[in-house]
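Peer 1: dropping a prediction and its sequence here:
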Amino acid sequence: MKTIQLLAQSRKKNGKTYTYYSIAESYREGKKSKKKVLFYLGTLTPLQAQQIRNALKITQSPETVVTTFDDLIFEDHWHYLDIAFLNHLWDEEWCLSKQFPLPEETSKTRNKDISTSDIAKILTFYRCLDPGSYLSAVDWFNTTTCNHILGIDGTHFNESRIYRELTVIEQQKEKIEQYLYKTLKSSDEESMRIIFYDLSDSYFEGKNCQLAGPGMTKANGFKNKKIVLSLLINSKGYPFSWDILEDYTADVKTLTGNADRWKKKFNLPKVIMVFDRGMVSDDNLKHLEDSKNYLYITALDKDQLTGVEGFKPERFKNFTEKTTENKIISKGLTKYDDNTYYEDLGVDSSGRRHILVFNSELLVNQRKAREKLIGKAIEELEEEKNALMEAKKSRNEKPTEKRIDGVLEKFKVNGYLEYILESVVITTKGGSEVRTFNLKYKRKKGAIEKAMLTDGMWILITNIAETTEPEEFRLDPEKLISAYRDKNRVEEGFKEVKSFLKFRPTFVYSNEHVRAHYTICILAYLLDVTVTNRLREASVEDVGSVRKVYSTLGRCEVAKLGVRGTKCDGKKLMPLTDVQKSIVGHFNCKYLRESRYLNSIGIK
């Protein structure tokens, strides 16, 4: 096929280089490519050369038009690279689409326009990038290229479809959990040797869900619709089991039942489970010890320390924030890091091992916190004292005591302050006698000094000893401390998922919807952790977090361009910045910016 092109030829004359142009026709003669000059143009400016090239394009392609900048119309734009990136993680990294049923498997009577997998994808991407009510999901969807990337008709993505599919999504939860457990174990068995369990609570807006009930949340006070969430992750932070707990009473009562379920569900081999001190009870620890499947690492509350065999806090009575490293070590402690020291107290008579840990920063924080609470309580006691001495009506002792006890309980300083009420009679300005009380209070010096003995200290408790079998589960004190500290990974997970979407009452019909939503939150967190871990393995310049990755990629959009006065229009991707190129290269998805892939989804 013959084509016409602008041919440039350079020549040197008197030490200078000149470029001459000609219009040439290229053609093939056998296997050889040849050019025939039709006529010479001489020298051209760069602008003239480009204008001629543009004119020649019209002869080569019916899609090419000549226009002015003023006639270009920017018609619309949609998020692309952040959506395409998450789609890559979903399908290429985790193969999650295969964990959902095909359309024909869930609807025998009609053809489904959008599969359950696509609904789960969209809601998960929405959760990652712009979490909000599902009532807003449709509006968000229309600002994205999800329809192009997933190959779906976006008009079928609506609120009623979302809520129909939530039930189907929840039905896949067990399958997804099994898949994640097997995938994580086969790809990195070491990461499944230590698992982390925690509970948290959240709340949502809705009327009809029996999973939620009134109660105190840890961060938001009393809520009519409190939800209790459980989460199990591996040592790399990847989730593989989660649930919403029914008939929840207290953290300490949930562990044994869940431990038995996990053992049965995943056919767990021996593992080390790390959990928070709020779940520690003698019954829980004994249950895990008797199961033979679980080794555990947890910690004791401050008020439990003095009951530990071998713990003698008196030797630390002079510890302050100024205590030197040598002084700390002289008391039998070993340095762990700049602020942390430990002592292996050994195995007690019940077969449990205790590691005493001292942290100088914790000591400072606990003492400051105690003094702050005592100070706030004293301020309110002073207000009460003044109110009593200025009373205009007689006061009764019991209600007065109850009010003062409430102040002490409010600031948790019952053990540090004591008071007495002295009966007095005062005369008002009007001459009336009022029976009231003079409130006298003071610090419990001995109790405060006793509490200070354990400031900065906590004790790790475990059934892992030097004789534990198999041998690879024998952890020294430093590894035990490190493992317990790593439980903040599951706490980080809860920070992401516990901002449980505030469901609007109209659309929260069933328990399945609430459970399915939690599953969506977990899948979003799975993608977040995938990004975070990859950044930890090798950083990308100027990108230090998963949120930065999403926001950086989110600036690369697809635009719809048109030409005024013509029917010519099309969708085109913005050029990627260097940082965006680095991210897609780092995650092995350069194809997302290549013409072949873009053309396949209707983008140039």
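Peer 2: Looks like it came in fine.

Peer 1: can you map out the helices along the stretch 401-550 of the chain?
Peer 2: For the stretch 401-550 of the chain, the helices defined by DSSP state H, counting those that start in this stretch cover 445-452, 477-485, 488-497, 511-537, 546-553.

Peer 1: now tabulate those in JSON lines and tack on distance to Tyr591, mean pLDDT and mean neighbour count.
Peer 2: For the C-beta atoms, the positions are set from N, CA and C on the backbone; glycine is no exception. Output for those, formatted as JSON lines (distance: least, CB to CB, whole Å; pLDDT from 0 to 100; neighbours: other CB atoms under 10 Å):
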{"stretch": "helix 445-452", "distance to Tyr591": "61", "mean pLDDT": "95", "mean neighbour count": "14"}
{"stretch": "helix 477-485", "distance to Tyr591": "39", "mean pLDDT": "95", "mean neighbour count": "18"}
{"stretch": "helix 488-497", "distance to Tyr591": "28", "mean pLDDT": "67", "mean neighbour count": "18"}
{"stretch": "helix 511-537", "distance to Tyr591": "17", "mean pLDDT": "92", "mean neighbour count": "21"}
{"stretch": "helix 546-553", "distance to Tyr591": "15", "mean pLDDT": "96", "mean neighbour count": "19"}
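
Peer 1: out of those, flag the one nearest Tyr296.
Peer 2: Closest of the helices of the stretch 401-550 of the chain to Tyr296 is helix 477-485, at 10.3 Å (criterion: CB to CB).

Peer 1: pull the residues that contact that closest one.
Peer 2: 194, 235, 272, 274, 297-299, 334, 336, 340, 342, 344, 355, 357, 460, 462, 464, 475 (CB atoms under 8 Å, 6 or more residues apart in numbering).

Peer 1: from the chain's centroid, how far away is stretch 56-72?
Peer 2: 48 Å (CA atoms, centre = their mean, to the nearest Å).

Peer 1: kindly report the same for stretch 536-550.
Peer 2: 15 Å.

Peer 1: show me the one of the helices of the stretch 401-550 of the chain that comes nearest Ser241.
Peer 2: Short answer: helix 511-537, nearest of the helices of the stretch 401-550 of the chain by CB to CB, at 9.2 Å.

Peer 1: contact partners for Ala137?
Peer 2: Per CB under 8 Å, 6+ apart, neighbours of Ala137: 122-123, 126, 159, 162.

Peer 1: from the contacts of helix 477-485, which land in strands?
Peer 2: If you go by DSSP state E, those have 194, 272, 274, 297-299, 334, 340, 342, 344, 355, 357, 460, 462 in strands.

Peer 1: okay, the residues you listed in JSON lines with pLDDT and distance to Glu383 next?
Peer 2: Shown next, in JSON lines, are the ones in strands among the contacts of helix 477-485 (pLDDT from 0 to 100; distance: CB to CB, whole Å):
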{"residue": "Ile194", "pLDDT": "95", "distance to Glu383": "51"}
{"residue": "Ile272", "pLDDT": "97", "distance to Glu383": "51"}
{"residue": "Val274", "pLDDT": "95", "distance to Glu383": "45"}
{"residue": "Ile297", "pLDDT": "97", "distance to Glu383": "46"}
{"residue": "Thr298", "pLDDT": "96", "distance to Glu383": "41"}
{"residue": "Ala299", "pLDDT": "95", "distance to Glu383": "38"}
{"residue": "Thr334", "pLDDT": "97", "distance to Glu383": "48"}
{"residue": "Thr340", "pLDDT": "96", "distance to Glu383": "41"}
{"residue": "Tyr342", "pLDDT": "97", "distance to Glu383": "44"}
{"residue": "Asp344", "pLDDT": "97", "distance to Glu383": "49"}
{"residue": "Ile355", "pLDDT": "97", "distance to Glu383": "45"}
{"residue": "Val357", "pLDDT": "96", "distance to Glu383": "40"}
{"residue": "Leu460", "pLDDT": "96", "distance to Glu383": "42"}
{"residue": "Thr462", "pLDDT": "97", "distance to Glu383": "47"}
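
Peer 1: need these in TSV with neighbour count, can you?
Peer 2: Output for the ones in strands among the contacts of helix 477-485, formatted as TSV (neighbours: other CB atoms under 10 Å):
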residue	neighbour count
Ile194	22
Ile272	21
Val274	25
Ile297	26
Thr298	23
Ala299	24
Thr334	13
Thr340	19
Tyr342	20
Asp344	17
Ile355	22
Val357	23
Leu460	23
Thr462	24
